[in-house]
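K.L.:
Sequence unavailable; structure follows:
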């Protein structure tokens, strides 16, 4: 069963607490108080896709906040065109949530780039358990265009600008549908930057730059390990088509960040310079410790690939 297959990820996120527990085992990480002090409503977690640890931390934070009676929207980088299916499963499913999500929501089967992972499935399952137990938790799939009308309206933006603007618009539409206290956004780190991205001689505004001023953007940092992602072999020019034979999707070793050590935590302030010059691109970091690769949640199939296979990193 798919539910059994994602047990490890779910257990890591939620501990051993049952859905009906009055006191969830999840807690916010050290440093969360600095986020509270900013009074930010939108918290962007710019992740490296394909790890167990990033969805676990975001899930724990959402669970802990909801456990205090606060209203939380969790935005995940699944296709916006599949959000209606996600909402139906969220409302209707019971213990069969994971199986229903895989079977009813497009984008799980056939996706092997690290986004539709066992860890993400486990996080959503844990949050759905809390929701069924009365927590004020909702989710939204925000990636890419919701429909052709949105695609046409945003088509004038340069390079990847339409995709980024659509991500933000989809999140804002969901966030404005109810009086949420917090909106937690799990997305590839490129989308989470608060400065423009240069690409092929021009630049575009990433998703984070389309969000309101009460937003904090955090970059995921880690002490090394493995992540499930897709890597391209060989040399390719910007805009050049990439052959399937040049794409390797699977667990890959990842070097630790230059300043990453200690316990998982959140901290604000410019990142130290190191392998990447990202000192001004984020408001801070969320450190998750050593990382382990999280496998795809569903078996590879003939389901068409999404436009966002390489949409985040």
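P.N.:
Yep, it's here. Not measured: the values here are computed from a predicted model.
K.L.:
what kind of secondary structure is residue 220 in?
P.N.:
strand (DSSP: H, G, I helix; E, B strand; the rest coil).
K.L.:
Which residue comes closest to it once chain neighbours are left out?
P.N.:
residue 47 (4.5 Å; C-beta to C-beta, 6 or more residues apart in numbering). C-beta: built from backbone N, CA, C; applies to glycine.
K.L.:
Same check on residue 142?
P.N.:
Closest to residue 142 by C-beta to C-beta, 6+ apart is residue 170, at 4.0 Å.
K.L.:
measure that neighbour to residue 204 for me?
P.N.:
Counting by C-beta to C-beta, to the nearest Å, the gap from residue 170 to residue 204 is 17 Å.
K.L.:
Next: residue 107.
P.N.:
From residue 107 to residue 204 the distance is 24 Å (C-beta to C-beta).
K.L.:
Tell me which of those two has more neighbours.
P.N.:
residue 107 (26 against 18; other C-beta atoms under 10 Å).
K.L.:
Excluding covalently adjacent residues, which one is nearest to residue 46?
P.N.:
residue 192 (2.8 Å).
K.L.:
Would you mind confirming that that neighbour is in contact with residue 45?
P.N.:
Yes. The pair residue 192 / residue 45 is scored as a contact, 7.2 Å apart, by C-beta atoms under 8 Å.
K.L.:
so what sits against both of the two?
P.N.:
Common contacts of residue 192 and residue 45, defined by C-beta atoms under 8 Å, 6 or more residues apart in numbering, comprise 185, 218.
K.L.:
and these two? which has more neighbours close in?
P.N.:
Using other C-beta under 10 Å as the criterion, residue 192 and residue 45 rank with residue 192 on top: 27 against 24.
K.L.:
does the most centrally placed residue in the chain sit in a helix or strand, and which one?
P.N.:
Closest residue to the average C-alpha location of the chain: residue 186 at 2.5 Å, with C-alpha atoms, centre = their mean. Using DSSP states H and E, residue 186 maps to strand 182-188.
K.L.:
Just checking: what are the partner strands of that strand?
P.N.:
Strand 182-188 has its sheet partners listed here by DSSP bridges as strand 42-47 (parallel), strand 72-79 (parallel).
K.L.:
And the next helix or strand past the longest one?
P.N.:
Going back to what we said before, that points to strand 72-79. helix 83-92.
K.L.:
what sits up against that following helix?
P.N.:
Contacts for helix 83-92 (C-beta under 8 Å, 6+ apart): 78, 97, 100-101, 104-106, 128, 131, 138-142, 146, 170.
K.L.:
at 10 Å instead, please
P.N.:
76, 78-80, 96-107, 124, 127-128, 131-132, 137-143, 146, 170, 173-174 (C-beta atoms under 10 Å, 6 or more residues apart in numbering).
K.L.:
how about the helices of the stretch 1-150 of the chain, start to end?
P.N.:
2-5, 7-14, 32-38, 53-67, 83-92, 97-104, 118-132, 148-154 (DSSP state H, counting those that start in this stretch).
K.L.:
would a markdown table of these with distance to residue 269 and mean neighbour count be doable?
P.N.:
A markdown table is the format used below for these (distance: least, C-beta to C-beta, whole Å; neighbours: other C-beta atoms under 10 Å):
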| stretch | distance to residue 269 | mean neighbour count |
| --- | --- | --- |
| helix 2-5 | 39 | 15 |
| helix 7-14 | 27 | 20 |
| helix 32-38 | 9 | 14 |
| helix 53-67 | 19 | 25 |
| helix 83-92 | 34 | 17 |
| helix 97-104 | 37 | 20 |
| helix 118-132 | 27 | 25 |
| helix 148-154 | 33 | 13 |
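K.L.:
Not counting sequence-adjacent ones, nearest residue to residue 187?
P.N.:
residue 77 (5.0 Å).
K.L.:
check contacts around the one you found.
P.N.:
Contacts of residue 77 (C-beta under 10 Å, 6+ apart): 47, 49, 107, 115-116, 120, 141-144, 167, 185-188, 191, 207, 308, 311-312.
K.L.:
make it 6 Å
P.N.:
When contacts are counted by C-beta atoms under 6 Å, 6 or more residues apart in numbering, residue 77 touches 115, 143, 187.
K.L.:
Looking at those residues, spot the one nearest residue 71.
P.N.:
Residue 71 lies nearest to residue 187 out of the contacts of residue 77, by C-beta to C-beta, at 20.7 Å.
K.L.:
so how many other residues sit close to the closest one?
P.N.:
There are 26 residues near residue 187, going by other C-beta under 10 Å.
K.L.:
What's opposite it in the beta bridge?
P.N.:
Beta-bridge partners of residue 187, as defined by DSSP bridges: residue 46.
K.L.:
Skip the chain neighbours and tell me the closest residue to residue 49.
P.N.:
Per C-beta to C-beta, 6+ apart, closest to residue 49 is residue 114, 3.5 Å.
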